[in-house]
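Participant: dropping the sequence and predicted coords here.
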Amino acid sequence: MATPLLTTKLYIAPPRPDPSTGLTATSPATSTRGGTRGGRASLVQRLRLIERLNAGLHCKLTLISAPAGFGKTTLLSEWIHTVGAHRDAPLHVAWLSLDEGDNDPAHFLAYFIAAIQTIHQDIGQSVVAASQSSQPLPIQALLTTLINEIAAMPERFTLVLDDYHLITAQPIHDGLTFLLDHLPPQMHLILSSRADPPWPLARLRARREMTELRTNDLRFTSQEAAAFLNEVMRLDLSPEDVAALEDRTEGWIAGLQMDDYFTRGTGGRLGGRVLGDGRCLKRGTGVCRVCIECVERWLSL
């Protein structure tokens, strides 16, 4: 039986606080770092993956791990914005997009709490104050206080950490491992990353506390590839051409989008340049290295 779709309410993390002044109570509408990325979604409904994400809410962690161009952020955006009304209460979702500047543990903790505060504004205020004192407490002590406050929340919520591969600081990895080990049932964590985090994933997997979506899961199926190429990109390709492209790109979404750049001038017909040398659409080739940045920007992947 398919997992019921859920009512979702999205909360956006406030703008980054000035560490010298602490967190500010700012309207989520003015956010510059939180929320799903803008841009175009794939416009292809991927219900099989939506159902996997819904089912994963019963675990502590959902890990979406795949290289660039496989639609991780787009999938999460679709999940958030398309789940239907099959719950009496909404599923509260907060989103934090990460970058290389988030590797300072104190700043990371402040932004992490700021995201949760968009759901419950009183959460973590004492933790932020303690972390900014002249003699801050150890990270585990701070997280223990935060965990206890989350455990007292009346509603469940999900926090999305996007682009976690940009986090390299071991204290942050250790802190989130501690959090997961003691995560209250009120909270579910979704991690989107180009690489697995250095966490005890085997232990989480053995305890069935983690749902995983990986490269093979995110590849477009034949039906999804046909819908994307013909309905979204409006290329009017034959089933044979769709099958050839799906095979040569191995279901890689950015590779299928790359084909649009090659075929727009052919009246929707595939030229020999594409089908004659499928290597140009595979990851790791020169064409990919040249085109991947513009493709990802267009798709907001």
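Facilitator: Received, thanks.
Participant: how about the strands of this structure, start to end?
Facilitator: 8-12, 61-65, 91-97, 157-162, 187-193, 210-214 (DSSP state E).
Participant: can you give me the angle the fourth one makes with strand 187-193?
Facilitator: Same thing as strand 157-162. 10 degrees (axes from the mean of the first three to the mean of the last three CA atoms, to 10 degrees).
Participant: who touches strand 157-162?
Facilitator: Strand 157-162 has contacts (CB atoms under 8 Å, 6 or more residues apart in numbering) with 37, 57, 72-73, 76, 91-98, 112, 115-116, 119, 186-192. The C-beta positions use only the backbone N, C-alpha and C, and glycine is treated the same way.
Participant: just the buried ones from those residues?
Facilitator: Among the contacts of strand 157-162, those classed as buried by 16 or more other CB atoms under 10 Å are 37, 72-73, 76, 91-98, 112, 115-116, 119, 187-192.
Participant: which parts of stretch 67-83 are buried?
Facilitator: 67-80, 83.
Participant: wait, I meant stretch 193-208
Facilitator: Under 16+ other CB under 10 Å, the buried positions of stretch 193-208 are 193, 194, 197, 199, 201, 204.
Participant: cool, and stretch 139-153?
Facilitator: Neighbour counts using 16+ other CB under 10 Å place 139, 142, 143, 144, 146, 147, 149, 150, 153 of stretch 139-153 among the buried residues.
Participant: any chance of the strands of the chain in a markdown table, with mean pLDDT and distance to residue 225 too?
Facilitator: Output for the strands of the chain, formatted as a markdown table (pLDDT from 0 to 100; distance: least, CB to CB, whole Å):
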| stretch | mean pLDDT | distance to residue 225 |
| --- | --- | --- |
| strand 8-12 | 46 | 27 |
| strand 61-65 | 98 | 20 |
| strand 91-97 | 91 | 28 |
| strand 157-162 | 96 | 25 |
| strand 187-193 | 98 | 22 |
| strand 210-214 | 97 | 18 |
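Participant: output those strands as a markdown table; include the columns distance to residue 106.
Facilitator: As requested, the strands of the chain are exported to a markdown table (distance: least, CB to CB, whole Å):
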| stretch | distance to residue 106 |
| --- | --- |
| strand 8-12 | 22 |
| strand 61-65 | 24 |
| strand 91-97 | 16 |
| strand 157-162 | 17 |
| strand 187-193 | 20 |
| strand 210-214 | 27 |
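Participant: show me what stretch 183-192 is in contact with.
Facilitator: Under the criterion CB under 8 Å, 6+ apart, residues 53, 56-57, 59-65, 72-73, 76, 147, 150-151, 153, 155-164, 176, 179-180, 197 lie in contact with stretch 183-192.
Participant: and the residues you listed, which of them are buried?
Facilitator: Buried, going by 16+ other CB under 10 Å: 53, 56, 59-65, 72-73, 76, 147, 150, 153, 157-164, 176, 179-180, 197, out of these.
Participant: could you check how far the nearest residue to residue 126 once chain neighbours are set aside is from residue 191?
Facilitator: Excluding the flanking residues, the one nearest residue 126 by CB to CB, 6 or more residues apart in numbering is residue 145, at 6.5 Å. According to CB to CB, to the nearest Å, residue 145 stands 23 Å off from residue 191.
Participant: same deal with residue 216?
Facilitator: When residue 216 is compared with residue 191 (using CB to CB), they lie 18 Å apart.
Participant: and if you look at residue 131?
Facilitator: From residue 131 across to residue 191, the span is 22 Å (CB to CB).
Participant: one more: residue 113?
Facilitator: 17 Å.
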